[in-house]
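Engineer: Okay, structure incoming, though there's no sequence with it:
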């Protein structure tokens, strides 16, 4: 086992929300949107909270009872997919990542490998009405007061 790898959500281009056990992800730069349910939503919630790949695998093991090899393989595969799609980027390990046991997602009925569902039908809409500039690119001025 190599060193832990840490990723973060690519917040410059991605909006996401975990709702009722489903992670909904939108790549604002290309109009693709994605869905992760079950174990995938758990992995996304752990990523959003600064967990590295090894802690994510360990948490899948703890919550589902699967073996270490399956957890590691499934997490690595999903992280690669998320990275290729531009949804996550490599990051430094945060100093304040919460305990993964404290991250709440609905209970998982049974283990199923995480699957990234991909949808492209929003691309045409974004071509007609592109998103606003990144929030970080907009200068902020304090209101006079």
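Structural biologist: Cool, the structure landed. Just so you know, these numbers come straight off a predicted model, no measurement behind them. Residues are numbered from 1 along each chain as shown.

Engineer: what residue lies at the spatial centre of this protein?
Structural biologist: Nearest to the geometric centre of the chain sits residue 44, at 3.5 Å (C-alpha atoms, centre = their mean).

Engineer: For residue 51, see how far away it is.
Structural biologist: As judged by C-beta to C-beta, to the nearest Å, residue 44 and residue 51 stand 11 Å apart. C-beta here means a position set from N, CA and C on the backbone, and glycine is covered the same way.

Engineer: go on, residue 18?
Structural biologist: Taken as C-beta to C-beta, the span from residue 18 to residue 51 is 14 Å.

Engineer: If you count surrounding residues, which of these two has more?
Structural biologist: When neighbours are counted by other C-beta atoms under 10 Å, residue 51 comes out ahead of the other of residue 18 and residue 51, with 25 against 19.

Engineer: Just give the nearest non-adjacent residue to the more buried one, would you?
Structural biologist: The spatially closest residue to residue 51, leaving aside those adjacent along the chain, is residue 100, at 5.4 Å (C-beta to C-beta, 6 or more residues apart in numbering).

Engineer: and what of residue 60?
Structural biologist: Computed as C-beta to C-beta, 6+ apart, the closest residue to residue 60 that is not its neighbour in sequence is residue 71, at 4.4 Å.

Engineer: next one: phi and psi at that neighbour?
Structural biologist: Reported as degrees, to the nearest 10, the phi and psi values for residue 71 are phi -60, psi -50.

Engineer: Residue 43 is in contact with residue 63, correct?
Structural biologist: No: with contact defined as C-beta atoms under 8 Å, residue 63 does not reach residue 43; the gap is 10.9 Å.

Engineer: Just want to know which of these two has more residues nearby.
Structural biologist: residue 43 (26 against 17).
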